[in-house]
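Enquirer: test case, fold it:
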Amino acid sequence: MLDGSWERGAVERYGRGRTRTYAVGALALLAAATGCGSGGTGAGPAATAATTPAAGQRPSAAASPTPTATPAAVPAAGDAAAWAKWNLKPLPPAPPAPADKPVKLERTGPVPVFSEVKTTDKVVFVTIDDGAEKDPKFVEMLTDLKVPVSMFLTRDIVKDNYGYFKPLQALGNHIHNHTVDHAQMSKVAPEKQKSEICDAQSALTQQYGTAPLLFRPPYGDGANTPALNTSVQQCGPRAIVLWRESMQIHDMQYQAADKKLRPGDIVLAHFRGPKDLKGETMTQMFGELLARIQEQGFAVARLEDYIRPPAG
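Expert: Next up is the predicted model:
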């Protein structure tokens, strides 16, 4: 069952460390049925200040640029009908992907850790973890609405049906690394950390044809530790991604005290179904997420459109 107290307790346990050298995210909900949830004390060196602020940090008021207003949604007739089919109001359209990517990844060296992207675009980024629920209606929903998501998949949770995620990938959504079996990374030896990441990297690359660029540790645990950063470097992903908000069932849980989205926030959700959502379906939960984003006037952009992969 989902309960916001899980993440609150996790945040209290691991702290937000807003002035640490290493970027810090937030710990998120855990689903009892699968043991899955991604949380967030970020780990590893923070991204360059000029591109991505440390996770959990906000630019100072004096330095913060004014958010770029997103145009009001004027969907095509087909798009409007698609949103009406799911009993939702259309989101504002996302602006074009920036030519100068705010997050610039390097081929070697420590990987950055971030829970938000520095941008003035009034956009947020939706990420979905683990892959426990494989509801065909959710594929239909994303096909209709064309809302971009980034998927962080756990090998042993998805291996019974790798094919489920291929239509979602075909929509342009990227697949990233969320370990082999959802181990709590700070509780295992470095060798186990490496196998959790490298073995998942190999399996996901083989199944989906592209090596995952990003990694998210289960619960965000260990993300700020040099040992985990080293393991990520050895296995191929070039950044550790956390979040600012996590979706529960009907609302988001915020790290910000004012409980408001900010431009560039990364939002966490999970592949979940009625067993873990108190009877709600994956599509109902995702619809609630989109409604909360729409109410605050944000568009959903594709996270990878704001990231420059390593050259070459």
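Enquirer: the residue lying closest to Pro190 once chain neighbours are set aside: neighbour count?
Expert: Excluding the flanking residues, the one nearest Pro190 by C-beta to C-beta, 6 or more residues apart in numbering is Ala227, at 5.0 Å. C-beta coordinates here come from the backbone N, C-alpha and C atoms, glycine included. With neighbours defined by other C-beta atoms under 10 Å, the count for Ala227 comes to 17.
Enquirer: and Ala227, how far is that from Asn87?
Expert: In this structure, Ala227 lies at 47 Å from Asn87, with C-beta to C-beta, to the nearest Å as the measure.
Enquirer: go on, Leu105?
Expert: Taking C-beta to C-beta, one finds Leu105 at 39 Å from Asn87.
Enquirer: between the two, who's got more neighbours?
Expert: Higher neighbour count among Leu105 and Asn87: Leu105, with 19 against 9, using other C-beta under 10 Å.
Enquirer: per-residue pLDDT, that one?
Expert: For Leu105, the pLDDT comes out at 98.
Enquirer: what's near enough to touch it?
Expert: Val111, Pro112, Leu213, Arg238, Ala239, Ile307, Arg308, Pro309, Pro310 (C-beta atoms under 8 Å, 6 or more residues apart in numbering).
Enquirer: with Asp265 instead?
Expert: So Asp265 contacts Ser115, Glu116, Val124, Phe125, Trp243, Arg244, Glu245 (C-beta under 8 Å, 6+ apart).
Enquirer: quick check: the first one vs Cys198, distance?
Expert: Per C-beta to C-beta, Ser115 is found 24 Å from Cys198.
Enquirer: circling back to that earlier point, farthest pair in the contacts of Asp265?
Expert: Ser115 and Val124 (11.6 Å; C-beta to C-beta).
Enquirer: any idea how far Gln232 lies from Arg244?
Expert: Actually, residue 232 is Val. It isn't Gln. Note on Val232: its distance to Arg244, by C-beta to C-beta, is 21 Å.
Enquirer: these two: which has the busier surroundings?
Expert: Neighbour totals were compared for Val232 and Arg244, and Val232 leads with 29 against 26 (other C-beta under 10 Å).
Enquirer: need the pLDDT of Ala73.
Expert: 43.
Enquirer: ok, now the one 3 residues further on?
Expert: At Ala76, the predicted lDDT confidence score is 46.
Enquirer: in the stretch 201-312 of the chain, which spans are strands?
Expert: 240-241, 245-247, 252-254, 266-270, 299-300, 307-308 (DSSP state E, counting those that start in this stretch).
Enquirer: so which of those is the most packed in?
Expert: Greatest average neighbour count among those goes to strand 240-241 (a mean of 32), per mean count of other C-beta atoms under 10 Å.
Enquirer: which helices and strands sit right next to that one?
Expert: strand 113-114, helix 226-235 (3 or more C-beta pairs under 8 Å, 6 or more residues apart in numbering; DSSP states H and E).
Enquirer: the longest strand in this protein is where?
Expert: strand 123-130 (DSSP state E).
Enquirer: quick check: angle from that strand to strand 266-270?
Expert: 30 degrees (axes from the mean of the first three to the mean of the last three C-alpha atoms, to 10 degrees).
Enquirer: which residues are common contacts for Ser115 and Val124?
Expert: With C-beta under 8 Å, 6+ apart, Ser115 and Val124 have common neighbours Asp265, Ile266.
Enquirer: the more surrounded of the two?
Expert: Neighbour count, other C-beta under 10 Å: between Ser115 and Val124, Ser115 has more, with 29 against 26.
Enquirer: list phi and psi for the more buried one.
Expert: phi -120, psi 0 (degrees, to the nearest 10).
Enquirer: roughly how far does it sit from Ala82?
Expert: In terms of C-beta to C-beta, Ser115 sits 30 Å off from Ala82.
Enquirer: quick one on the thing from earlier: among the contacts of Leu105, which ones are buried?
Expert: Val111, Pro112, Leu213, Arg238, Ala239, Ile307 (16 or more other C-beta atoms under 10 Å).
Enquirer: now do the helices in the stretch 151-300 of the chain.
Expert: Here the stretch 151-300 of the chain has its helices, by DSSP state H, counting those that start in this stretch, at 155-158, 166-170, 190-208, 226-235, 282-295.
Enquirer: these two touch, right, the residue nearest to Pro190 and Gln193?
Expert: Yes: Ala227 lies in contact with Gln193 (C-beta atoms under 8 Å); the separation is 6.5 Å.
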